[in-house]
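Enquirer: My questions concern the predicted model and sequence given below.
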Amino acid sequence: MWGGRFTAQAAPRLLRFSESISFDWRLFAHDIRGSIAHATMLRKIGVLTDEELASIKAGLEEIRGEIERGEFTWSLEREDVHMNIEAILTSRTPAGAKLHTGRSRNDQVATDVRLWLKDQIDTNIGAIRALQSSLVDWAARDFDVVIPGYTHLQRAQPVLLAHHLLAYAEMLERDAGRLADCRVRTDVLPLGSGAIAGSTLPLDRAYVAQLLGFAKVSANSMDSVSDRDFIVEYCSAAALIAVHLSRLAEDLILWSSAEFGFVRIGDAYTTGSSLMPQKKNPDVAELTRGKSGRVIGNLMALLTLLKGLPMTYNRDLQEDKERLFDTADTLQACLEINADMLRDVAVHRKACAGAAADPLLLATDLADWLVTRGMPFREAHHAVGKAVARAEELRIPISELPIAELKAISPVYDETALDVFSISRALDGRTTMGAPNPQSVKAELDAWKARLGATE
Ligand code: ARG
């Protein structure tokens, strides 16, 4: 089937081993777009007549319709999406035999994947915006809820739940930025690089780039056919997004446990146990956490795939597609279902208030109070530590320590010291930029609403 060079048929096992049609068929729309642009350029430089171009275009459009309607028969013998489409086109219109002029599957596949990935990135960024909107809407819904903030998973200082949620909106903003950045380097046309060294025909690459909406034409034909950096960059950005989603998932898993009891995930996004009737499991969050493993694994597979490859195209590169597709599908699914799920989470306000009322969360505020009375912070830290220990000894909350006890620790303490044990005062007092002062969090929330409203 490779024409003149071969006398024996490919072994059936080879066909099954080397085919990519079972997964690269999904590049069909982009392959057809690329072929139409290439044919249009071939007409411009006089390789095709008007009639030939028209029949190639009509044939490709017909094939596209058949694939979309599920009427197209893919064949394993034709190995990949490129040859399947070209072979059927040529069987229907003789001009099809001219389509591959000046083109190789090496520059063709690179072009198809870049076209596909640009669309994919746009879809992913849309899903990131939707998830950010869910976070922002939740933050607005439960704006007045205060929870303990944690470091080392130990209660640290009180924060607005909204502040915690908007932290994820920030991470996702950087994620969207990384995808957009990767899109810039994806937006380069390889077509016209041929198999490795371009063509002796006067191919008009700038014209093809313009037809396909590529911002640039690649500068080095050898680089163009072997470069998969853009896929690595995408999978790397995706791995980091998956890690961020996994962290969010972990927070939700903890918060929905009886031990925390901060939230209840809607029934539509949880499942029961086949044995324990009382169970309500946060499966979406757990699977999101688990799927980060395969997204990270895909990145490792790609880096390993590339590391020993000599210039230029090597068939190994066909192995990039399943990793890329799996990454894109997994990422998009995680973003979408989490955006939905966050709209179905109810906050147990009492449990949050109870946890946030722990006066030890304001121990730092007491140290700050001593600092405002002129005590060096290191001493203040010590003087509060002593008070914490004394309260534990007396089995009373630190906020109820008798003033005499405090004065015994340090004469700087006076009656007003215990005023720091007020959550609203503590939050209002946090006026540093980026802190969970309710007014600044409200301003952040409004800024997010405006930003997300504008990108809708
Ligand atoms: N299916 C191949 C791939 O994904 C297309 C390019 C094949 N090129 C070649 N010279 N065998 O990489």
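Expert: Everything's here; your move.
Enquirer: what number of residues lie near Thr90?
Expert: 17 (other CB atoms under 10 Å). No exception for glycine: its C-beta is placed from N, CA and C like everyone else's.
Enquirer: One more: Arg264?
Expert: Arg264: 16 neighbours (other CB under 10 Å).
Enquirer: Leaving out the residues flanking it, which one is nearest to it?
Expert: Ala346 (4.7 Å; CB to CB, 6 or more residues apart in numbering).
Enquirer: Enumerate every residue touching the spatially closest residue to Ala95 that is not a sequence neighbour.
Expert: The spatially closest residue to Ala95, leaving aside those adjacent along the chain, is Glu52, at 3.8 Å (CB to CB, 6+ apart). Shown in contact with Glu52 (CB atoms under 8 Å, 6 or more residues apart in numbering): 43, 95, 98.
Enquirer: by contact count, what packs against the one helix or strand the residue nearest to Arg264 maps to?
Expert: Assigned by DSSP states H and E, Ala346 belongs to strand 345-347. In terms of contacts (3 or more CB pairs under 8 Å, 6 or more residues apart in numbering; DSSP states H and E), strand 345-347 is packed against strand 263-265.
Enquirer: Would you mind putting the contacts of Glu52 into a markdown table with distance to the ligand alongside?
Expert: Listed next are the contacts of Glu52 as a markdown table, based on distance: CB to the nearest ligand atom, whole Å:
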| residue | distance to the ligand |
| --- | --- |
| Arg43 | 25 |
| Ala95 | 23 |
| Lys98 | 20 |
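Enquirer: Number of residues surrounding the nearest residue to Asn314 once chain neighbours are set aside?
Expert: Leaving aside its chain neighbours, Asn314 sits nearest to Ser226 (7.5 Å; criterion: CB to CB, 6+ apart). Neighbour count for Ser226, taken as other CB under 10 Å: 22.
Enquirer: try Val136
Expert: Applying other CB under 10 Å, we find 24 residues neighbouring Val136.
Enquirer: same deal with Asp267?
Expert: That count, for Asp267 with other CB under 10 Å as the rule, works out to 10.
Enquirer: List the single closest residue to it in space, sequence neighbours excluded.
Expert: Excluding the flanking residues, the one nearest Asp267 by CB to CB, 6+ apart is Lys280, at 7.6 Å.
Enquirer: ok, the one you found touching Thr270?
Expert: Yes: at 4.9 Å, Lys280 counts as touching Thr270 under the criterion of CB atoms under 8 Å.
Enquirer: of these two, who's got more company?
Expert: Between Lys280 and Thr270, counting by other CB under 10 Å, Thr270 is the more crowded of the two (18 against 14).
Enquirer: Just the element for the residue in the chain sticking out farthest from the centre, please.
Expert: For the chain, the residue at maximal distance from the C-alpha centroid (CA atoms, centre = their mean) is Ala404, at 55.9 Å. Remark: Ala404 resides in helix 403-409, with elements defined by DSSP H and E.
Enquirer: Kindly report the same for Gln9.
Expert: Applying DSSP H and E, one finds Gln9 in no helix or strand.
Enquirer: The residue lying closest to Ala285 once chain neighbours are set aside - how many residues pack around it?
Expert: Nearest in space to Ala285, with sequence neighbours left out and distances taken as CB to CB, 6+ apart, is Ala249 at 3.9 Å. By other CB under 10 Å, the residues close to Ala249 number 24.
Enquirer: quick one: buried residues of the helix or strand harbouring Ala249?
Expert: Remark: Ala249 resides in helix 229-255, with elements defined by DSSP H and E. For helix 229-255, a neighbour-count test (16 or more other CB atoms under 10 Å) marks 230-249, 251-255 as buried.
Enquirer: and the gap between the residue farthest from the centre of the chain and the ligand?
Expert: According to CB to the nearest ligand atom, to the nearest Å, Ala404 and the ligand sit 80 Å apart.
Enquirer: For the residue in the stretch 251-400 of the chain that the ligand sits nearest to, give me the pLDDT.
Expert: Nearest residue of the stretch 251-400 of the chain to the ligand: Gln318, at 3.6 Å (CB to the nearest ligand atom). Looking at Gln318, its pLDDT reads 98.
Enquirer: repeat for Trp2
Expert: 60.
Enquirer: With the one 10 residues further on instead?
Expert: Each residue has a pLDDT score; the one for Pro12 is 91.
Enquirer: Now do it against Thr288, distance only.
Expert: When distance is defined by CB to CB, to the nearest Å, Pro12 is 41 Å away from Thr288.
Enquirer: Kindly report the same for Lys98.
Expert: 49 Å.
Enquirer: do Asp227 as well
Expert: 32 Å.
Enquirer: Compare these two (neighbour count), which wins?
Expert: Thr288 (26 against 21).
Enquirer: secondary structure class for the residue of the stretch 151-300 of the chain found nearest the ligand?
Expert: Residue nearest to the ligand within the stretch 151-300 of the chain: Ala195 (6.9 Å; CB to the nearest ligand atom). Secondary structure, DSSP: H, G, I helix; E, B strand; the rest coil: Ala195 is coil.
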